[in-house]
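In: Output the structure for:
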Amino acid sequence: MRIGYLECFAGISGDMLLGALVDAGVSTELLQQTAGALKIGAELDTRSVDRSGIRSTKVDVKVAGKLAEAMEHDHNHSHDHDGHGQAHDHSHEHDHSRPHSHGRSWRQIRELIVHSDLREDAKALALRTFELLAQAEAKIHGMPVEEAHFHEVGSVDAIVDIVCGAVGLCSLNVDRWYASPINTGSGFIDCAHGRFPVPAPATAELLKGLPTYAAGPKKELTTPTGAALLRALGCSFGEAPGMVAEAIGYGAGTWNPERFPNVLRLTIGESTVTDANQDRVTVLECAIDDATPQVLAYAMELALENGALDAMAAAVTMKKGRLGALLTVLAKPEDAAAIEALLFRETTTLGIRRRSEARVILDRSFVTVETAFGRIRVKVASRGGEQRNAMPEYEDCRRAAREHGAPLKLVIEAALAAFAEHPAKA
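Out: Reported below is the predicted structural model:
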């Protein structure tokens, strides 16, 4: 099994990830073509730099020969270039009391990506990244997700970072991603809402439940874009997994402090784990007889939003003949503590059983099919190259059903029919 490991000892940002990808062997021509395909006037500038004695690759986004980040900063002077010099990543710095002078909404960015000519797995990763950013923005500002409007994260610079990053990551054909604990940095940053401690609000929201720490210079080391990409990848966090390394890349941030290499290291290789389709999950389980179905449904919904792999409830008969529900949540080991705390907070349980179990899983990928209701993603499960099952994505089908005023079951049937008719093309 091919795996990738991201070492975030100096944090992570969009430009650092692009640099690490190029340094590890991702084609610069591929990334240039991707930037051009977005049709927003962007191109990439790639060069070799020194970061505290470490040779690394720096990637910048340019528009008409000028740094996009600098142009966007000149357009809005309310941003501080602390940390990696990634002002475009500071989506939390937008002042909603002023009109949106630039930037894009979640809906606009979604349309831009969906209608691009990118490969489908890269589209899905880029959309997931922006969806996570939209959810963070919506929660911070108390608005519906669909109304989230990105400011700097909706700029040319950040869009290219995320989309090119998604294309580069998918081009490596990695089966599973891993990452080290994340160095957020420390100190303060200036934003439109005042002076905030690091991590900034959007970054802090995106890093909930992930292992973090603060070390090194008092700078912002992890940006919202970097945090969202990590979460969208579905990384497992911890020490480096057993692997035979094939490629190693170093991606540089903007600033160059002494005795602190401001780089992101990316290692790609083959896993030394014998069963490539097996991992371990934490099972959280509790029996509840004094909560309404609505409370349990809400707790399950929150658990899934916060990284749970699955959540289910089954009717059980408890002591003294009381009817109740057995609530079971599956989580990655690194997410278990946060989800356990969530269950204690959101339900009436007095105790939660926790155990570690082995899990055998099928390989999963996404394809997109054309239907009378629009484009629908289909999740395909396989093992050893043999397809086992396929199922349309619920969120895509729900959105299409609402947009077209059609029954959900008809949208699902249409997606399955389209996939069955042209599975290879899909």
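In: CA atoms for contacts and neighbours, from now on please.
Out: Fine.
In: mean confidence for the helix or strand containing residue 342?
Out: With the criterion set as DSSP states H and E, the secondary-structure element containing residue 342 is helix 336-346. In this model, helix 336-346 has a mean pLDDT of 93.
In: Okay, angle between the next helix or strand after it and helix 336-346 too, please.
Out: Note on helix 336-346: by DSSP H and E, the next helix or strand toward the C-terminus is strand 353-360. Between the direction of strand 353-360 and that of helix 336-346, the angle (axes from the mean of the first three to the mean of the last three CA atoms, to 10 degrees) works out to 130 degrees.
In: So what are the sheet partners of strand 353-360 and their directions?
Out: strand 278-288 (antiparallel) (DSSP bridges).
In: Pull out the buried residues from whichever helix or strand comes after the partner strand.
Out: As assigned by DSSP H and E, the chain's next helix or strand after strand 278-288 is helix 293-305. Buried residues in helix 293-305, counted by 16 or more other CA atoms under 10 Å: 296, 299, 300, 302, 303, 304.
In: Relative to residue 348, which of these is nearest.
Out: Nearest to residue 348 among these, counting by CA to CA, is residue 296 at 9.3 Å.
In: wait, doesn't the closest one sit right on residue 347?
Out: Yes. Between residue 296 and residue 347 a contact is recorded at 6.8 Å, counting by CA atoms under 8 Å.
In: list residues touching both of those two?
Out: Shared contacts of residue 296 and residue 347, defined by CA atoms under 8 Å, 6 or more residues apart in numbering, are not found at any residue.
In: ok, back up a step: which member of the buried residues of helix 293-305 is positioned nearest residue 115?
Out: Distance ranking of the buried residues of helix 293-305 against residue 115, using CA to CA, places residue 304 first at 28.2 Å.
In: who's in contact with that closest one?
Out: So, once contact is read as CA under 8 Å, 6+ apart, residue 304 ends up touching 310, 311.
In: and it, what pLDDT?
Out: Residue 304 carries a pLDDT value of 93.
In: how far away is it from residue 420?
Out: Computed with CA to CA, to the nearest Å, the distance linking residue 304 and residue 420 is 30 Å.
In: How about residue 350?
Out: Note on residue 350: its distance to residue 420, by CA to CA, is 48 Å.
In: Of those two, which one has the most company?
Out: In terms of neighbours (other CA atoms under 10 Å), residue 420 is the more surrounded of residue 350 and residue 420; the figures are 13 against 9.
In: Remind me which helix or strand that one belongs to.
Out: Assigned by DSSP H and E, residue 420 belongs to helix 408-421.
In: Contacts for that helix next, please.
Out: Outside helix 408-421, the residues within contact range by CA under 8 Å, 6+ apart are 369-373, 376, 378, 390-392, 397-398, 400-401, 426.
In: try 6 Å this time
Out: Residues from elsewhere that reach helix 408-421, judged by CA atoms under 6 Å, 6 or more residues apart in numbering: 397, 401.
In: For residue 335, list the residues it contacts.
Out: Residue 335 sits in contact with residue 209, where contact means CA under 6 Å, 6+ apart.
In: how about a cut-off of 8 Å?
Out: Taking CA under 8 Å, 6+ apart, we find residue 335 in contact with 209, 210, 307, 308.
In: Tell me which residues touch residue 122, please.
Out: For residue 122, counting by CA under 8 Å, 6+ apart, the contacting residues are 163, 166, 167, 169, 170.
In: One more pass at 6 Å, please.
Out: With CA under 6 Å, 6+ apart, residue 122 has these contacts: 166, 167, 170.
In: Is it possible to mark the buried ones in these?
Out: Buried members of the contacts of residue 122, scored by 16+ other CA under 10 Å, are 166, 167, 170.
In: Now the closest residue to the first one other than its chain neighbours: which helix or strand?
Out: What that stands for is residue 166. When the adjacent residues along the chain are set aside, residue 166 lies closest to residue 122, with 5.1 Å between them (CA to CA, 6 or more residues apart in numbering). Using DSSP H and E, the secondary-structure element containing residue 122 is helix 120-141.
In: List the buried residues of that helix.
Out: Residues of helix 120-141 classed as buried under the neighbour-count rule (16+ other CA under 10 Å) are 120-138.
In: what's the answer for stretch 359-375, then?
Out: For stretch 359-375, a neighbour-count test (16+ other CA under 10 Å) marks 362, 363, 366, 367, 368, 369, 371, 373, 374, 375 as buried.
In: now the second one, which residues is it bridged with?
Out: With DSSP bridges applied, the residues forming beta bridges to residue 363 are residue 382.
In: How about residues contacting whichever strand or helix holds residue 330?
Out: Taking DSSP H and E as the criterion, residue 330 maps to strand 323-331. Contacting residues not belonging to strand 323-331 are listed as 281-289, 308-317 [CA under 6 Å, 6+ apart].
In: hmm, 8 Å instead?
Out: For strand 323-331, the surrounding residues in contact (CA under 8 Å, 6+ apart) are 281-290, 296, 300, 303, 307-318, 339.
In: Buried members of the residues you listed into ChimeraX, please.
Out: Paste this into ChimeraX to select the buried members of the contacts of strand 323-331, with burial taken from 16+ other CA under 10 Å:
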select :281,282,283,284,285,286,287,288,289,296,300,303,307,308,309,311,313,339
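In: Got the confidence number for the residue nearest to residue 41 when sequence neighbours are not counted?
Out: What sits nearest to residue 41 in space, not counting adjacent residues and going by CA to CA, 6+ apart, is residue 63, at 5.8 Å. Residue 63 carries a pLDDT value of 84.
In: number of nearby residues for residue 63?
Out: By other CA under 10 Å, the residues close to residue 63 number 16.
In: How much space separates it from residue 395?
Out: When distances are taken as CA to CA, residue 63 and residue 395 turn out to be 35 Å apart.
In: what does residue 260 give?
Out: Residue 260 sits 43 Å away from residue 395, taking CA to CA as the criterion.
In: Who has more neighbours out of the two?
Out: Comparing residue 260 with residue 395 by neighbour count (other CA under 10 Å), the higher total belongs to residue 260, at 15 against 11.
In: excluding its backbone neighbours, what's nearest the more buried one?
Out: Counting by CA to CA, 6+ apart, the nearest residue to residue 260 once its immediate chain neighbours are dropped is residue 52, at 6.2 Å.
In: Alright, calling it a day.
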